[in-house]
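Engineer: Pasting the sequence and the predicted model now:
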Amino acid sequence: MAFATSEEVLEAAVCVDLYRTMVRIRSFEERIRSEYHADKSPGFDIGAGRIPGEMHLAAGQEPVAAGVCAHLRPSDAVTATHRPHHVAIAHGVDMAKMAAEIFGREGGLGHGRGGHMHLFDPAVHFSCSGIIAEGLPPALGQAFAFRHRGGDDVAVAVTGEGAANQGAFHESLNLAALWRLPVVFVVEDNDWGISVARPASTAVASNADRAAGYAMPGERVENNDVEAVYRAAGRAVARARAGEGPSLLEVHTLRMWGHFEGDPQTYRGDLATVEDRDPIPHYRDRLLEAGILDEGSVEQIAADAAAEVERAVAFAVASPEPDPAAATSYVFA
């Protein structure tokens, strides 16, 4: 059975996979949030606890990661932002090693040296950066290498709407178009550049409109709709694999929680509606109504995700902390 839309019919298996990916992401983010805050009370101290420092979580933005990464394979490259967990999970990054990295443990992806904003998994060509818009140039480099090696691998650069005003964004789009590189630029528009509302920082109504200035297709997906993201990303990825050059995709998504954990969000006037816009229960209900999911399968997907996350966190907690004497190991000296 499949879910019908005005554009095309998605196979039931695709719909279920999209939903499962979103649930896995949310389960991970909720557990990391709980672990992060567990030892930071009664007074919030961002430097305290076994997960010290800033923490940027992606609840609400799961449709972007699920819809885009469903078209990718491990040989494709993906770069993400300082809010990277959802994209990493959707692209197949080892969840246990990622959890260990977030905890700063030796068993992490970067042996505990990078933390949650600097995750690297060569097995699936994934990386991210805490610097705004700085994931785009590395994606270009990987796309350039893919083209010269032959084959049809692609690079995907995921960034935020605030980054679309940075020089690296425009320079990357220009070079990608000039060299017809197999790269897809994905802009997550969650309405907020930290505490600045999008209309206060960006002149254009849609960053997808900027694609025309660089001679590439641009498409915007509204309503945080995972199936619409899946279709739009499919078009862009297919174009890149066929050697037709880059595309720009913007998704109007939702940041359910603060810019960082501990952010009071006093600047937001939309907080009262956030829970009602949660994309996961909305998609669950659509699939239940269509008969693609039933209550039993919903419960099983949630249980499987929780068990996977529990194993990842257990691995992280059991992994030793790095030896201070080896602080310069695995880094450039």
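Structural biologist: Thanks, I have it.
Engineer: which regions of the stretch 151-300 of the chain lie under the pLDDT threshold?
Structural biologist: The stretch 151-300 of the chain contains no residues with pLDDT under 70.
Engineer: What ranges does it have for its strands?
Structural biologist: Secondary structure of the stretch 151-300 of the chain by DSSP state E, counting those that start in this stretch: the strands cover 155-160, 183-189, 192-193, 196-197, 218-221, 247-252.
Engineer: Just the CA coordinates for the last one, please, in CSV.
Structural biologist: In CSV, the C-alpha atoms belonging to strand 247-252 read as follows (Å, rounded to 0.1, in the frame of the first residue of the first chain):
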residue,chain,number,x,y,z
SER,A,247,21.0,22.4,-7.2
LEU,A,248,19.7,24.5,-4.2
LEU,A,249,17.0,23.2,-2.0
GLU,A,250,15.5,25.2,0.9
VAL,A,251,13.2,23.6,3.4
HIS,A,252,11.0,25.6,5.8
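Engineer: OK, contacts around the nearest residue to Pro63 once chain neighbours are set aside?
Structural biologist: Leaving aside its chain neighbours, Pro63 sits nearest to Val226 (3.7 Å; criterion: C-beta to C-beta, 6 or more residues apart in numbering). The way it works is simple: take the backbone N, C-alpha and C, and place the C-beta from them, glycine included. Neighbouring residues of Val226 by C-beta atoms under 8 Å, 6 or more residues apart in numbering: 18-19, 22, 62-63, 66-67, 279, 283.
Engineer: hmm, 7 Å instead?
Structural biologist: 18, 22, 63, 66-67, 279, 283 (C-beta atoms under 7 Å, 6 or more residues apart in numbering).
Engineer: Throw the residues you listed into JSON lines and include distance to Pro182, thanks.
Structural biologist: Supplementary listing: these in JSON lines, determined by distance: C-beta to C-beta, whole Å:
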{"residue": "Leu18", "distance to Pro182": "24"}
{"residue": "Met22", "distance to Pro182": "27"}
{"residue": "Pro63", "distance to Pro182": "24"}
{"residue": "Ala66", "distance to Pro182": "22"}
{"residue": "Gly67", "distance to Pro182": "19"}
{"residue": "Pro279", "distance to Pro182": "29"}
{"residue": "Tyr283", "distance to Pro182": "30"}
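Engineer: Are any of those buried, and if so which?
Structural biologist: Buried by 16 or more other C-beta atoms under 10 Å: 18, 22, 63, 66-67, 279, 283, out of the contacts of Val226.
Engineer: and the closest residue to Gly262 other than its chain neighbours, how many residues sit next to it?
Structural biologist: Once flanking residues are discounted, Gly262 sits nearest to Phe44: 5.2 Å by C-beta to C-beta, 6+ apart. The number of residues packed near Phe44 is 12, by other C-beta atoms under 10 Å.
Engineer: Run through the helices of this structure in chain order.
Structural biologist: 12-38, 62-69, 85-90, 95-102, 136-149, 167-178, 226-241, 271-274, 279-290, 295-318 (DSSP state H).
Engineer: Pipe those into CSV and attach distance to Gly258 per row.
Structural biologist: Below are the helices of the chain laid out as CSV (distance: least, C-beta to C-beta, whole Å):
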stretch, distance to Gly258
helix 12-38, 10
helix 62-69, 17
helix 85-90, 15
helix 95-102, 17
helix 136-149, 25
helix 167-178, 24
helix 226-241, 23
helix 271-274, 10
helix 279-290, 18
helix 295-318, 21
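Engineer: so which of these gets nearest Glu261?
Structural biologist: Nearest to Glu261 among those is helix 12-38 (5.6 Å), distances taken as C-beta to C-beta.
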